[in-house]
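Asks: need a structure here:
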Amino acid sequence: MTFPLPRALDLPEFPWDQLAPAKTRAADYPGGLCDLSVGTPVDDTPAFIRAALADAANAHGYPTVAGTREVRDAILAWGARRGMVDVGRSGVTPTIGSKEAVAWIPALLGVRAGDAVLVPEVAYPTYDVGARLAGATPIPVDPTRPGSWPDAPLVYLNSPGNPDGHVMNKEQLRGAVAWARARGAVIVSDECYAALPWSEPYVSEGVPSLLDAHVCGGDPSGLLVLYSLSKQSNLAGYRAALMYGDPALVQAIVTVRRHSGLMVPSPVQHAMALTLADTEHVAAQRSVYEARRALLLHALACAGLEVDPASAAGLYLWVADPTAGADSWALVNRFAELGILVAPGDFYGTAARGRVRVALTATDERMKAAASRIASRWR
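Replies: Next up is the predicted model:
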């Protein structure tokens, strides 16, 4: 008997591998490539965070999976500032970036073959992947219409959304909570762009959380929120993120993570604690993205391109060409002709076709170059 390994998993092709031809074309443009296809921060990690990492570098022992008391208290204080219910230290834990949590939560909670996992119909691909890694079936749904959802043990929400920047208001979130509680289902809400609102009422009031007391009725049961410091603090390389919610769910996840050695390094946990306590650097980084966003919005308007008016928060502009129909790849290639790389809507589900995602994560110099090319040379 033979055992042919590796066996192929039921996973889609890694999306960004498909962008290689467009990237090659864009890189040949005089003046070089402007890569607006990914959400990788390009600005410096704040100096006080780097110093915190260095201060904790004598980390000779294994880190705690559940998180140090310092970082868990910092997570709880961060949640309180957002108006989230108090879940206690047993309801929070650091994670190895939010992508790790998104990809593995279904499996860690015992979702299995035959189960369905509901994912937003326009969404970051890893929600789909997380369902598949557990052997479950991902089902795309409109996150604002829970009355149309099929039964499932687990639902992913993403607000503000990647790629479209849509924000679910409190009423819509309450509808999702009511649906889940009527079925004993779990909701996992990925809120990693919550610090980057652009439109009212979210600029003045903040992006609402699934665990806002006015959304969940003060009860975190069956609810989990994910958050990342990658975007707000330029910590993508630190893999610094968190989980906040129902203590029973968090502790079940922590137990499996302890068995499998999924732990955030101790120096990163210390740096996270100081980062979460400081709001000044978050506001400063938001101002940087706000200026880049304004520059791109003006250029896209000059070119006659359409930006989704519901893109209220986040690091991306959700763009369509009203004259070009529903072919996202044609739009990707048109941008590539100007030396600009963007991501096709096809990466984010069939409901996303016809649009491209344009990221704000490029240097000021590259952003200005892209804006100039779009405004002056699109037609």
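
Asks: which residues in the stretch 1-150 of the chain form helices?
Replies: Here the stretch 1-150 of the chain has its helices, by DSSP state H, counting those that start in this stretch, at 20-27, 47-55, 69-81, 97-108, 126-133.

Asks: out of those, which comes closest to residue 267?
Replies: Each of those has some distance to residue 267 by CB to CB; the shortest is helix 47-55, at 5.0 Å. Backbone N, C-alpha and C define where each C-beta goes, glycine included.

Asks: in that closest one, what's buried?
Replies: 49, 52, 53 (16 or more other CB atoms under 10 Å).

Asks: same question for stretch 226-246.
Replies: Within stretch 226-246, the residues that qualify as buried by neighbour count (16+ other CB under 10 Å) are 226-236, 238-246.

Asks: wait, isn't residue 197 in contact with residue 167?
Replies: Yes: the pair residue 197 and residue 167 passes the contact test of CB atoms under 8 Å, sitting 7.5 Å apart.

Asks: now the buried residues of helix 47-55 as a markdown table including distance to residue 113 and pLDDT?
Replies: Listed next are the buried residues of helix 47-55 as a markdown table, based on distance: CB to CB, whole Å; pLDDT from 0 to 100:
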| residue | distance to residue 113 | pLDDT |
| --- | --- | --- |
| 49 | 42 | 97 |
| 52 | 43 | 97 |
| 53 | 41 | 96 |
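
Asks: and those residues, which is closest to residue 338?
Replies: residue 49 (35.5 Å).

Asks: ok, the closest one - contacts?
Replies: Neighbouring residues of residue 49 by CB atoms under 8 Å, 6 or more residues apart in numbering: 233, 235, 271, 274, 275, 281.

Asks: for residue 352, same thing?
Replies: Counted by CB under 8 Å, 6+ apart, residue 352 has contacts 121, 122, 163, 164, 328, 345, 346.

Asks: in helices, which of the residues you listed appear?
Replies: Among the contacts of residue 352, the residues falling in helices (DSSP state H) are residue 328.

Asks: which one (most neighbours) among the contacts of residue 352?
Replies: residue 163 (30 neighbours; other CB atoms under 10 Å).

Asks: which residues touch the spatially closest residue to it that is not a sequence neighbour?
Replies: Leaving aside its sequence neighbours, residue 163 sits nearest to residue 357 (CB to CB, 6 or more residues apart in numbering; 3.8 Å). Residues near residue 357 by CB under 8 Å, 6+ apart: 37, 162-163, 316-319, 342-345, 347-348.

Asks: and residue 304, by the same measure?
Replies: With CB under 8 Å, 6+ apart, residue 304 has these contacts: 321, 322, 323, 378, 379.

Asks: between the residues you listed, which sits nearest residue 98?
Replies: The shortest approach to residue 98 among these belongs to residue 321, at 31.5 Å (CB to CB).

Asks: spit out the contact partners of that closest one.
Replies: Per CB under 8 Å, 6+ apart, neighbours of residue 321: 304, 305, 306, 331, 334.

Asks: let me know the helix or strand that the last one is in.
Replies: Counting by DSSP states H and E, the element that carries residue 334 is helix 328-336.

Asks: go on, the first one?
Replies: When elements are assigned from DSSP H and E, residue 304 belongs to no helix and no strand.

Asks: residue 242 versus that one, what's the distance?
Replies: Using CB to CB, to the nearest Å, residue 304 is found at 42 Å from residue 242.

Asks: just to revisit the earlier point, between residue 197 and residue 167, which contacts overlap?
Replies: Common contacts of residue 197 and residue 167, defined by CB under 8 Å, 6+ apart, comprise 160, 207, 312, 313.
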